[in-house]
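Undergrad: quick check, what structure comes out for this input:
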Amino acid sequence: MSQKKQAKVKIHYQQLADLEEEKERVERYVNNPYGSSDSQKMKGLNDWLRKAKNFINGSVKKLIGPDVGERHVKHKYSFKLCPNFNTPWNCEDIGVLVQEARRLLEDISRGDQNGAVNRFEYFEWTKNVLDGILEAVQCRSINTISVYGESGTGKTMLVREVKRIAEEQKLFDAVVMASVKQNPRIQDEIARDLGVSNELTYQQEASNRRKERKLTEKRVLLILDDVWEPEICWKLREKLPLEDENENRLLSYKILLTTTRDSRVLSDLSEIQFEIKPLEEEEAWMLFEKIATYRTESRRLPFYAREICKKCYGVPIAIVTLAMALKGGRLKRKTILQELQSQRSLHSSFYKSYDCLKSFELQQTFLLCSLMGHNAAIQDLLKYTIGLDLFPGVKSVEEARAALLNLMTKLRYFSLLLDSGGNMHFSMHDLLMIFAKSIAFREVGLNHWEEMKSIKWVHISNTSELPIDQLNCPHLTFFHLSKEDPSKPIPPNLFAGIGGLRVLGLTKTWSMPQSISLLDDLHTLRLDQSVIRDAKMGAIISKLKNLQVLSLVGCDLEELPKEIRELTKLKLLDLSDCTKLRVIPPNVLSRLSRLEELYMRNSFDQWADGVKERENEIASLSELKQLKNLNVIEVRTNICNIQMMEEDLFSENLARYKIFEGNVWHFWDSSYGSSKILKLKLDAKTSSEHPVKKLLKKTEELHLQGLSGVNNVVNELDEEGFQELKYLFIQDAQNVQHIINSMKHDAQNADQDSINSMKPAFPVLEVLVLHNLKQMEKICHGLAKESSFSKLRIITVESCNQLKNLFSSSIAKRNFLQLQEIRVTKCSNLEEIVDDDEQGDEKDILKELCSLRLEDLPKLIAFCKRMTLFQGQVFD
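TA: Numbers count the residues shown, from 1 in each chain. Reported below is the predicted structural model:
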């Protein structure tokens, strides 16, 4: 055979070998009993297997003859086995099949982009425990259940799966999960998640209300994760919110607890207990193989992988992190096994995962995360990374945030970070946290007092942990002190010898040492939850000319020092939760010319706009117009201010904003993760000249109250139809009759071309909530343009007593194509939900509707008087 023909044979054999390898890879996944639960993706894999087997069998017969087995595909360059080599062969077919297999498996892998540590894995043992817990939470005679076991065995993932199933199967009216450890505001968190007031009622009072008002019960599954002391749970149970005032229902709780300590910790609290143990050897290997095999570029695990898995001792967190480190073939050397064998602790497996974080920024971010505890705020982490100049090529706060979020996504991908139930917080597993701190001790000298000159980071909880009154640490860049006893003073000369400090955090302190003024290179200063009454504070801060981030969150502060105006390099100022702040001197904010982000939630709102006698005493919102770089703002103002402010006060170019008008709005964080939120009290006179009217066109979440003189929301507030609005809430509106009135627009615009050129209203709206609209007649009067309401999933209507129906059948058929949930309560004149305006016997509408809740509707006759709906549909 010629050399040219031999080369072609080599190529063909290699292609077949690649295809055979992909086939084996897919077969292993399909045959794994704990593979993907996505039936569509599994069907795609099975379909691919059939095509691949047919192709391989057919191609082998063409190439090497019908009498040679499939096993010869793996024999390299067997030229004598190619009697039919000249048979036409489309090489592209093999390439397409190989790429398709890799895409299918990568798609399954991408479905868990946040890392397998954030997902519950089903094994025989864990499934039995899960089934037992689900049975217990549904048993009426059991009120409290506890789950205990070693750290890292998957307790949190297990109860998260319980939460998911309970919500999916509607086992309770509400399911709330909160972490007890290091969470002093857990009661407020529970109340917020339930959507109720945090002015808590007590058992006896609630019992009396139940008898007097005959309230119905709202069943709540409360999951308390990471309980260490039973006393905390006893105190918490006495102060849980017991009434949902919005729904006029009493709350009854079923409580599920988890602890890392032994069963005796929760024995007095719970009627039944479940133990979570490390995985058995075969189950551990299944988990390891499932993660590692289908995430490696080489697609085949090294032969020593099973021995590596054994060194994880059946602990899922260790298995996942080490298996993820195999992605891309980063752990190829057999020396890994030797290193793991020489170190008996789980830290050796974590270190291999950490070693895969090749970039300096990624490693530093991981170490910083470990210092911030459980349920930490991403915003606080951002303040630290800016101060440390972790992203040297980044100039703006927004760019730094994007870079940080990208790094955190990678950490989650490697299963080194946990999600914390939202997009604003994160957590780290206890075992990983301990490991990371040990790395920080070695790499940045964390609290390494024996070698003070090498220390780069200090993170302590009290001044008593400091070895001396003055730190002689020339390389120190990060110092954080969270004082357990705020009254204990900080040594006045503590920072005299560390001029290179970049980040300083002094939380819960009562005084500022004079030596802070010597920190010429300080970029971030956090004084959160401190009592700031020191008259020298302003003079000290004014010396920090390079300061970029100043955080005073939750401080006991009555007047903002006027010297802050000297911080001309400041990019981020956070005054959130400074509830006692009454005075911001004029011309302080306006002097912060580089300010990009200003946070004032639950803080100062007594602006001087429109109050002439106070213009020389207090800042005006109009000062914000001078901040040309302002990109993010969270601020509250009162009604008087809002009417007196200039129309173009807020720039349309704001990337994120939360602007609240008046004191009727309480929850600052969005339940939907919105970044552009307005909560306003408008009337017909002010709506046309409102300073935030331009922002209405860009807003994602809008809450409106009052609307005096406004009859039709779209026609009078935004004729373009709220093109970017996703969530709309209207309450206590006296005059609103319709959300859209197309009949009025048609009458005013005889030109049909003008009508046809109108944009659809609410094209991306997903949630519509209407409460106490006394004159409300219909959501939409007349026909709405196609694509209007095309994304709407949820409609909630309460106390709208003029309503006789919600919408017409033509609107339902034309616009409400994605509607999944309808909830209507306390509408005294409502006769039907859908008005049949097409005079048909049966309509093919509301195909996606799966949840229907109708309460306290005394005149309701039917869902639709002349229509048959919901054939074959199932509702909760």
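Undergrad: check contacts around Glu283.
TA: By CB atoms under 8 Å, 6 or more residues apart in numbering, Glu283 lies in contact with 123-125, 314. The way it works is simple: take the backbone N, C-alpha and C, and place the C-beta from them, glycine included.
Undergrad: again but with Val692, I slipped
TA: 649-650, 659, 678, 680.
Undergrad: of those residues - the most surrounded one?
TA: The most crowded member of the contacts of Val692, judged by other CB atoms under 10 Å, is Leu680 (26 neighbours).
Undergrad: that one falls within a helix, correct?
TA: No. Checked against DSSP: H, G, I helix; E, B strand; the rest coil, Leu680 lies outside a helix; its state is strand.
Undergrad: what's around the spatially closest residue to it that is not a sequence neighbour, how many residues?
TA: Among residues not flanking Leu680 along the chain, Glu661 sits closest, at 4.7 Å (CB to CB, 6 or more residues apart in numbering). The number of residues packed near Glu661 is 28, by other CB under 10 Å.
Undergrad: I'd like the next helix or strand past the helix or strand of the chain with the lowest mean pLDDT.
TA: The weakest-scoring helix or strand in the chain, judged by mean pLDDT, DSSP states H and E, is helix 203-213 (a mean of 40). Sequence-wise, the next helix or strand downstream of helix 203-213 (DSSP states H and E) is strand 217-225.
Undergrad: how far away from the center of its chain is that following strand?
TA: With CA atoms, centre = their mean, to the nearest Å as the basis, strand 217-225 stands 21 Å off its chain's centre.
Undergrad: quick one: strands adjacent to it?
TA: For strand 217-225, sheet partners with direction are given as strand 174-179 (parallel), strand 249-259 (parallel), following DSSP bridges.
Undergrad: got the CA positions of that strand in PDB?
TA: Output of strand 217-225 as PDB, limited to C-alpha atoms (Å, rounded to 0.1, in the frame of the first residue of the first chain):
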ATOM      1  CA  GLU A 217     -54.600  29.300  58.400                       C
ATOM      2  CA  LYS A 218     -51.700  29.700  56.000                       C
ATOM      3  CA  ARG A 219     -49.400  26.700  56.300                       C
ATOM      4  CA  VAL A 220     -45.700  27.500  56.200                       C
ATOM      5  CA  LEU A 221     -42.700  25.100  55.900                       C
ATOM      6  CA  LEU A 222     -39.900  26.900  57.700                       C
ATOM      7  CA  ILE A 223     -36.400  25.500  57.000                       C
ATOM      8  CA  LEU A 224     -33.700  26.600  59.400                       C
ATOM      9  CA  ASP A 225     -30.300  25.600  58.200                       C
END
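Undergrad: tell me the buried residues in that strand?
TA: Using 16 or more other CB atoms under 10 Å as the test for burial, strand 217-225 gives 218, 220-225.
Undergrad: please apply the same query to stretch 730-744.
TA: 730-731, 733, 735-742, 744.
Undergrad: that older thread, can I get the contacts of Val692 in CSV including pLDDT and distance to Ile516?
TA: Shown next, in CSV, are those (pLDDT from 0 to 100; distance: CB to CB, whole Å):
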residue, pLDDT, distance to Ile516
Leu649, 72, 35
Phe650, 77, 34
Ile659, 89, 34
Leu678, 91, 38
Leu680, 87, 41
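Undergrad: as a markdown table, those with distance to Ala292 would be great.
TA: Putting these into a markdown table (distance: CB to CB, whole Å) gives the following:
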| residue | distance to Ala292 |
| --- | --- |
| Leu649 | 55 |
| Phe650 | 51 |
| Ile659 | 48 |
| Leu678 | 48 |
| Leu680 | 53 |
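Undergrad: which helices and strands sit right next to the host helix or strand of Ile145?
TA: Element membership for Ile145, per DSSP H and E: strand 144-149. For strand 144-149, the packing partners by 3 or more CB pairs under 8 Å, 6 or more residues apart in numbering; DSSP states H and E come out as helix 124-137, helix 155-168, strand 249-259, strand 272-276.
Undergrad: just send these back as TSV, with distance to Lys726, mean pLDDT and mean neighbour count too.
TA: Shown next, in TSV, are the helices and strands packed on strand 144-149 (distance: least, CB to CB, whole Å; pLDDT from 0 to 100; neighbours: other CB atoms under 10 Å):
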stretch	distance to Lys726	mean pLDDT	mean neighbour count
helix 124-137	33	86	16
helix 155-168	21	87	19
strand 249-259	28	77	21
strand 272-276	39	87	18
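Undergrad: out of those, which is closest to Ser670?
TA: Closest approach to Ser670 among those is made by helix 155-168 (19.2 Å; CB to CB).
Undergrad: thinking again about what came up before, with distance to Asp528 added, can I get the helices and strands packed on strand 144-149 in TSV?
TA: Compiled in TSV, those are given as follows (distance: least, CB to CB, whole Å):
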stretch	distance to Asp528
helix 124-137	38
helix 155-168	27
strand 249-259	29
strand 272-276	36
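Undergrad: so which of the ones you listed gets nearest Val458?
TA: Going by CB to CB, the one of the helices and strands packed on strand 144-149 nearest Val458 is helix 155-168, 29.9 Å.
Undergrad: and the closest one, how far out from the chain's middle?
TA: Offset of helix 155-168 from its chain centre (CA atoms, centre = their mean): 17 Å.
Undergrad: returning to what we had before: for the strands paired with strand 217-225, which one sits closest to Ser593?
TA: strand 174-179 (40.7 Å).
Undergrad: if we can go back for a sec, between the helices and strands packed on strand 144-149, which gets nearest to Pro474?
TA: Closest among the helices and strands packed on strand 144-149, using CB to CB: helix 155-168, at 41.5 Å.
Undergrad: now the angle between strand 174-179 and that closest one, please.
TA: Put simply, helix 155-168 runs at 170 degrees to strand 174-179, going by axes from the mean of the first three to the mean of the last three CA atoms, to 10 degrees.
Undergrad: surely Ala318 meets Phe350?
TA: Yes. The pair Ala318 / Phe350 is scored as a contact, 6.8 Å apart, by CB atoms under 8 Å.
Undergrad: overlap in contacts of the two?
TA: Shared contacts of Ala318 and Phe350 (CB under 8 Å, 6+ apart): Leu431.
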